[in-house]
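Chemist: I would like to see how this sequence folds:
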Amino acid sequence: MKLNYIIKQTAGFLALLLLLSFNACKKGNTDKDLGAAPTADQVKFSVTPTATNANVLTLVNQSPGFKALWDFGNGATADGNIVTASYPLAGTYTVKLTIVTDGGSVSSTKSVVIAATNPAMLTDPAFTTLSGGLANATGFTWVIDQKSAGHLGVGPITSQSPDWYQAGPDEKNGLGFYDDEMTFNMNALKYTYDNKGTTFANAANAPGIGGPAGANDPTVNYTPPTNLTWLVTETNGVKYITISGGGFIGYYLGVSQYQILSLNENEMWLRCLDKANSGNAWYLKLIKKGYVRPIVQKPIQAANLADDFQGTANFTWTAENVNFTSPYDNPAKFPVNTSAKVGYYEKRTGDDGQYGNLNVTLPYRFDLAAKNKVRLKVFIPGGNDFTKLQPKVSVKLQNSLLGGNAYTTQIEIVKTIAATDYNKWIQLEFDYSGSAAQTLYDKIVVQLGGEGHPAPGIFYIDDFEFK
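Modeler: From the prediction side, this is the model:
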C-alpha cells in the first residue's frame, strides 16, 4: 500500500513538472518570435550626390531590419538598401526612410537641398506637354473629358484597355467629378488639385479620403493638400505620372501613379491600378481646360432603313433601359399584321425605365428633303394599366454629337393610341417633311409607353422602315 502511494505521488509530480516546462518553453518561444519594436533613432541613412550630377543622390540605408522603404519627397518611391533619387528642380525635399523589422516598422526623415535646377534632366517632352514648360509660370490645367465615351473605364489588370466598362458621355454628371481641375506646373513641379470641395471616389477606396464604405461610388467632401508635386518617369519604355503625398487625378482609387497611354497638347489617356481591388485597372481621359474638340460632320444621306423583326434588318437597335427581344412570336396574327415574328418591347418599372427606348445612330446625317417618313406597326395589349401607363408611340430624330443633351434639339412626333385600337395591330406613319431643311440628325429613337413616369408596360412592334 505504501509503495503504491509513493509511485502515484511521484507520477503526479513528474506530470506537473513536464507541464510547467512546456509552458515555459512555449512562452519563451513566443517572446522570441515577436522581437523588439524598432525605434526612430535606429533609422539612419546617408545621402550623397553622385560625382557626375549633383541633382542625383545616392541614398544608403544604415539601419537594421529586413526591408527599407523610401519616399524621396519628389513624388517617387523605392525600396532597397541602396537607391538613387533624381531631383531635376532646385528646392528642399523631405526624404523618408521606413525600416521594417520582426517587431514592426518605424520611419525617420531628412531634408535634402538641391541648389540648382538641372534642365538637362527635364528633356522628356511629356513635362512640357503637361505643363507648358518652365517658361509657363501658371502651368496647364486639365479636366475630365466628360463628352468622350470611356472618360472613365475599368478592365482586368492583364489588359491595356477598359474591357469591362466605359462611362458614356456625361454619365457621371452631378457627382463632383466633372468640375475637378488638375494643374501641372513645371516650376517646382507643383501639382494643384482643385476639386471644388468634393471628390468622386471609388466605393472600395472611398474611406481613404474620409468617405463612407458601401457598394456605390460616393461623392466625398474632401480638401486636397496644397503641397503636392508631380514627376514624369520612365521604366522599360513606359512613362508614368506620379503625384506626391498620396495625391491623385480626379477619381479616387487610393493610388498616385498613372501610366501614360497617350498624350498630346490637348488630350491624354491614363491607366492606373486600384488599391482595394488588385485585379482591376482603371482608365481616365482628360483634356486641357478650354479645349473644344473639332466637330467632324457626318455626310448627308437619304435614309434607307428597314427591320421586319424576323432577322433581316439592315441596322441594329440599341435597347436603352427596356427589355427587348427580336424575333418574338406574334401574339395576334391577324390584319394588319400576319407575320410569324415581331419585336417584343417591355417598358421597365422604376426610375431606370422612365426614359427607356430603342435607338440607332447612323454613320450619316439624314437628308430629310429626300426621305422623311418613318412607318411602323404596333400592338398595344389592353391589359396594361393605362391609369399609369401612357398609350403613346413616339419617334424622335436627334443629333448624337450632343450626347446626353441630344434631346435639347430633337424633333419628335408622338401618336396617342385610342382605347378602341388596343389589342390589335395598327399602322403608324411619322411625317418629318415639315423639317426637310434640317440636316443635324443622325439618330432615331423609338419610345413606347410615354416617358417621365415609372409605370411598366408591354408592347409589340413590327415592320419598321425609314424610306
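Chemist: drop to CA atoms for contacts and neighbour counts, all remaining ones
Modeler: Will do.
Chemist: Let me know the helix or strand that L428 is in.
Modeler: Assessed by DSSP states H and E, L428 sits inside strand 425-431.
Chemist: For that strand, buried residues please.
Modeler: Residues 425-426, 429-430 are the ones in strand 425-431 that count as buried (16 or more other Cα atoms under 10 Å).
Chemist: Go through these and say which is closest to L189.
Modeler: F430 (59.7 Å; Cα to Cα).
Chemist: so where's this structure shaky on pLDDT?
Modeler: 1-35 (pLDDT under 70).
Chemist: re earlier: who does the strand holding L428 pair up with?
Modeler: Strand 425-431 sits in its sheet next to strand 373-379 (antiparallel), going by DSSP bridges.
Chemist: next helix or strand past the partner strand?
Modeler: Next in sequence after strand 373-379, counting helices and strands by DSSP H and E, comes strand 392-398.
Chemist: What strands line up against that next one, and which way round?
Modeler: Pairing partners of strand 392-398, with direction, according to DSSP bridges: strand 411-416 (antiparallel), strand 443-448 (antiparallel).
Chemist: between those strands, which one is nearest to Q398?
Modeler: Shortest distance between Q398 and the strands paired with strand 392-398, using Cα to Cα, is found for strand 443-448: 5.0 Å.
Chemist: Can I get that closest one in CSV? Just the C-alpha atoms.
Modeler: The C-alpha trace of strand 443-448 is given here as CSV (Å, rounded to 0.1, in the frame of the first residue of the first chain):
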residue,chain,number,x,y,z
LYS,A,443,-30.1,59.2,-84.6
ILE,A,444,-33.6,57.6,-84.4
VAL,A,445,-35.3,57.0,-81.1
VAL,A,446,-38.5,54.9,-80.8
GLN,A,447,-40.3,55.1,-77.5
LEU,A,448,-43.4,53.3,-76.4
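Chemist: ok, residues contacting that strand?
Modeler: Outside of strand 443-448, the residues within contact range by Cα atoms under 8 Å, 6 or more residues apart in numbering are 345, 347, 356-362, 391-400, 459.
Chemist: now swap in stretch 111-123 and tell me
Modeler: Here stretch 111-123 makes contact (Cα under 8 Å, 6+ apart) with 54-55, 87-95.
Chemist: Also stretch 301-313?
Modeler: The contact list for stretch 301-313, computed with Cα under 8 Å, 6+ apart, reads 314-315, 326-328, 341-343, 364-368, 370-371, 462-467.
Chemist: Which strand or helix spans L358?
Modeler: Using DSSP H and E, L358 sits within strand 357-361.
Chemist: hmm, I was thinking of Y283
Modeler: Assessed by DSSP H and E, Y283 sits inside strand 280-288.
Chemist: center of the protein - which residue?
Modeler: Centrality entry for the chain: nearest residue to the mean C-alpha point is L152, 3.4 Å, by Cα atoms, centre = their mean.
Chemist: List the residues that contact the closest residue to that residue other than its chain neighbours.
Modeler: Closest residue to L152 apart from its sequence neighbours, by Cα to Cα, 6 or more residues apart in numbering: L284 at 4.9 Å. Neighbour list for L284: 144, 150-153, 269-271 [criterion: Cα under 8 Å, 6+ apart].
Chemist: one step back: go through the contacts of stretch 301-313 and flag which are in strands.
Modeler: Among the contacts of stretch 301-313, DSSP state E puts 326-328, 341-343, 365-366, 462-466 in strands.
Chemist: pretty sure W142 is in a strand, no?
Modeler: Yes: using DSSP: H, G, I helix; E, B strand; the rest coil, the assignment for W142 is a strand.
Chemist: A306 bridge partners, please.
Modeler: Beta-bridge partners of A306, as defined by DSSP bridges: E465.
Chemist: For burial, what's the neighbour tally of it?
Modeler: A306 is flanked by 18 other residues according to other Cα atoms under 10 Å.
Chemist: one step back: of the contacts of strand 443-448, buried ones?
Modeler: Listed as buried from the contacts of strand 443-448 are 345, 347, 356-359, 361-362, 391-400, 459; burial here means 16+ other Cα under 10 Å.
Chemist: before we move on, back to that, take the contacts of stretch 111-123 and lay them out in TSV including secondary structure, distance to I413 and neighbour count.
Modeler: Output for the contacts of stretch 111-123, formatted as TSV (DSSP: H, G, I helix; E, B strand; the rest coil; distance: Cα to Cα, whole Å; neighbours: other Cα atoms under 10 Å):
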residue	secondary structure	distance to I413	neighbour count
A54	coil	73	17
N55	coil	69	20
Y87	coil	65	23
P88	coil	63	22
L89	coil	63	20
A90	coil	66	16
G91	strand	66	13
T92	strand	67	15
Y93	strand	66	15
T94	strand	66	14
V95	strand	67	19
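Chemist: Just the closest of those residues to D41, please.
Modeler: Taking Cα to Cα as the measure, D41 lies nearest V95 of these, at 15.7 Å.
Chemist: my guess is that closest one contacts W70, does it?
Modeler: Yes: between V95 and W70 there is a contact at 7.3 Å, judged by Cα atoms under 8 Å.
Chemist: What are the contacting residues of the strand holding L358?
Modeler: Against strand 357-361 from outside (Cα under 8 Å, 6+ apart): 315-322, 400, 442-448.
Chemist: what do you get for stretch 170-181?
Modeler: Counting by Cα under 8 Å, 6+ apart, 141-144, 146-147, 192-196, 198-200, 218-219, 250-251, 289, 403-404 sit against stretch 170-181.
Chemist: Let's see which of these end up in strands.
Modeler: If you go by DSSP E, the contacts of stretch 170-181 have 141-144, 192-194, 198-200, 219 in strands.
Chemist: Which parts of the protein are helices?
Modeler: Taking DSSP state H as the test, the helices found in the chain are 2-34, 125-131.
Chemist: Show me what counts as buried in the last one.
Modeler: Neighbour-count burial for helix 125-131 flags 126-131 (criterion: 16+ other Cα under 10 Å).
Chemist: now do stretch 108-123
Modeler: Of the residues in stretch 108-123, those buried (16+ other Cα under 10 Å) are 108-109, 112, 114, 117-118, 122.
Chemist: Beta-bridge partners for the nearest residue to K424 once chain neighbours are set aside, please?
Modeler: Closest residue to K424 in three dimensions, ignoring its sequence neighbours and counting by Cα to Cα, 6+ apart: F379, at 5.5 Å. Judged by DSSP bridges, the bridge partners of F379 are W425, Y460.
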